[in-house]
Every structure is written in C-alpha cells, then in structure tokens.
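J.: Based on what follows, work out the 3D shape:
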Amino acid sequence: MSDAEIDGRLLQRWLKTDTAEPALLDGCAIDDGHCEEPLPILEVDVARQVLICAGDKGRVRIPFGRLADSLLVAPAGHSAIAAVKACVSPQEQAHQRMKAELGDEYPRPFASVADLEAVHAAESARSAGMLPERALRGPWVRALKRNELHRQGAQLAQSWRELANSCGAPWSDIALHLAWFQRAGGHPNRAIETARDFWRSKAPASQTEIAMLATVEAAAWIDRFERKGGAPPDLVEARRAAAKAYAISPTDPEIQLVYQRLKAAEARAL
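T.: Sure, this is the predicted structure:
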C-alpha cells in the first residue's frame, strides 16, 4: 500500500492543540517541497515549535510555521493519520468533499467558503440536469465572477440556456450571464452570437436586462475590432448596440465606459 499524504496545514493545526501526541509522528516524514525525498521525523520540539528531521547532510529543523507549505507522509494505516485528520471538523470535511467532487475543473482556491458552496450547488444542479430557479442563478453567477471562473461560468450558463430553451422557460438573465462569461473568457464572437440569438428569439426581458446585454454586445464588438483582423464594420455594430443600451440607461458607468472605448477605437480607425 502507498503512503498517505496529509496537508501540512492540518498537521500544523494538530501540533498546536492540547490533545496532540507528538510521539505518534514516529515513522512519519515531511515533504517540504524542496528535498528530493521526504525527510524522516526524528523529534518534535513542542517548546520551540520545530520538527527535527533527518536530511542528507545531517539534521534539518522545520519550524511549525513552515508546515503549511509541506506534506506529512505516513505509512498506510499509521496511527498518526487518524489522529491528525481528527482536527478536521464535519463542516471542513464537507467542504473537502465539495472540492473533490468539483475536481480539476476548479483547481484554484475559492475566495470564500460561501463561493465554494455556491459553485458546488451550481455544478450539482447541472449534473442532475436541472434548470435552477432564477433566484439561485444570480448568486451562483456572482460567486463565479468573484473567482474569475469565466470558462466554467460559460459552460454552466450554456447548460441553463439549453434547458430553458427545451422547456420554453424565460432566459433573459441566462443570455446576459452567458454573453458576459463568453466575453470575459476571451470569446467576443460567441458573446455577440448569444446576444443576436436572444434578440432574434424576441424572448421577454426587462429594460435593465436589455441595456445590460446590449452593453456586453457593444463591448464584444469593440473587443473584436481590437483583435487582429478587426474591421470598421465592427465599430458600426458596436455603436448600434451601445445606442440601444444608452437609450435605456444613459448614466450607467458600464455604458459610459463602452462609449469611451468606442470613441478611442473610432479615432484609431480613421
């Protein structure tokens, strides 16, 4: 059986508890990320808060403060494994399961536990083939945006669009979310097509949603123009979309920003 690897932050927490039994680490090692092989633990100096390990050139002292960047390596079934893992609360265990279920699609740490829970709920709904209620979609989208998960957000919004279209459900907010994520993810053409599809569908939308989607579309046209191969007709389309948004909400900062970019792009095109 292979050795078990335990997050050094958990070992660090365990060593600072009153219930820690340092002697349990006998037979374990520390992978500090620098040495080629894990360093066997020889001694735990609790008073000085340091682990003393066996290195190639003698003893190596690893302060407890550095354990957060290390791994505890223990033989399978070693008593230290259960003892150290007992520091994890049921809530933390649940969050660890959520991260594991999200998998490599979400490799980065989340900005907050609430964001992790929101994104996990969104992915769970997608896995179940469920179209979440609009009241849930907004908070989930905000969690994705806070964590700059643009590609994943586009995938989720695309699944919502397909589910909404298949059952004839309103999808104005979904179109906005999808176009936003597509543009933020570096795909202005996809964002433009999403907006066009929504306008062609003549699906109902609030004036605010129309203004916001038109703003995203205008920005995407400018993005397209600024890329290699962009052409003046892109700016014509950008001004058309911007005017649509401006007619509804002329003081909106995002619309004003689009107009600033548009004027600069038009100046370069002259």
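J.: Would you map the strands across the chain?
T.: 4-7, 29-31, 39-45, 50-55, 58-63, 71-74 (DSSP state E).
J.: Return the most buried member of these.
T.: Comparing the strands of the chain by mean neighbour count (mean count of other CB atoms under 10 Å), strand 71-74 ranks first with a mean of 23. The way it works is simple: take the backbone N, C-alpha and C, and place the C-beta from them, glycine included.
J.: same question for that one, mean pLDDT?
T.: The average pLDDT within strand 71-74 is 95.
J.: Can you give me the pLDDT of Leu178?
T.: Looking at Leu178, its pLDDT is 98.
J.: Could I get the strands of the chain in JSON lines, plus columns for distance to Ala169?
T.: JSON lines is the format used below for those (distance: least, CB to CB, whole Å):
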{"stretch": "strand 4-7", "distance to Ala169": "42"}
{"stretch": "strand 29-31", "distance to Ala169": "51"}
{"stretch": "strand 39-45", "distance to Ala169": "58"}
{"stretch": "strand 50-55", "distance to Ala169": "58"}
{"stretch": "strand 58-63", "distance to Ala169": "57"}
{"stretch": "strand 71-74", "distance to Ala169": "47"}
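J.: between those, which gets nearest to Ser127?
T.: Judged by CB to CB, the one of these that comes nearest to Ser127 is strand 4-7, at 26.5 Å.
J.: In the sheet, which strands lie alongside that closest one, parallel or antiparallel?
T.: Looking at strand 4-7 with DSSP bridges, its partner strands are strand 71-74 (antiparallel).
J.: Just the residues contacting the partner strand, thanks.
T.: With contact meaning CB atoms under 8 Å, 6 or more residues apart in numbering, strand 71-74 is reached by 3-8, 10-11, 25, 27-31, 33, 38, 80-81, 84.
J.: try 6 Å
T.: 3-6, 8, 11, 28-29, 31, 38, 80-81 (CB atoms under 6 Å, 6 or more residues apart in numbering).
J.: same question, stretch 138-156
T.: Applying CB under 6 Å, 6+ apart, the contact partners of stretch 138-156 are 110-111, 115, 118-119, 122, 126, 177, 181-182, 184-185.
J.: coming back round to it: just give me the closest of the contacts of strand 71-74 to Ile255.
T.: The nearest member of these to Ile255, counting by CB to CB, is Gly8 at 48.8 Å.
J.: Can you verify my assumption that the closest one contacts Phe64?
T.: No - at 9.6 Å, Gly8 does not count as touching Phe64 under the criterion of CB atoms under 6 Å.
J.: And the top helix by length along the chain, what does it pack against?
T.: Identified as the longest helix of the chain according to DSSP state H is helix 207-226. Packing partners of helix 207-226 (3 or more CB pairs under 6 Å, 6 or more residues apart in numbering; DSSP states H and E): helix 172-184, helix 188-201, helix 232-248, helix 253-269.
J.: angle of it against helix 188-201?
T.: In terms of direction (axes from the mean of the first three to the mean of the last three CA atoms, to 10 degrees), helix 207-226 departs from helix 188-201 by 140 degrees.
J.: what does helix 207-226 rub up against?
T.: Residues outside helix 207-226 that contact it (CB under 6 Å, 6+ apart) are 172, 176, 179-180, 183, 188, 191-192, 195, 230, 234-235, 237-238, 241-242, 244-245, 248-249, 254-255, 258, 261, 265.
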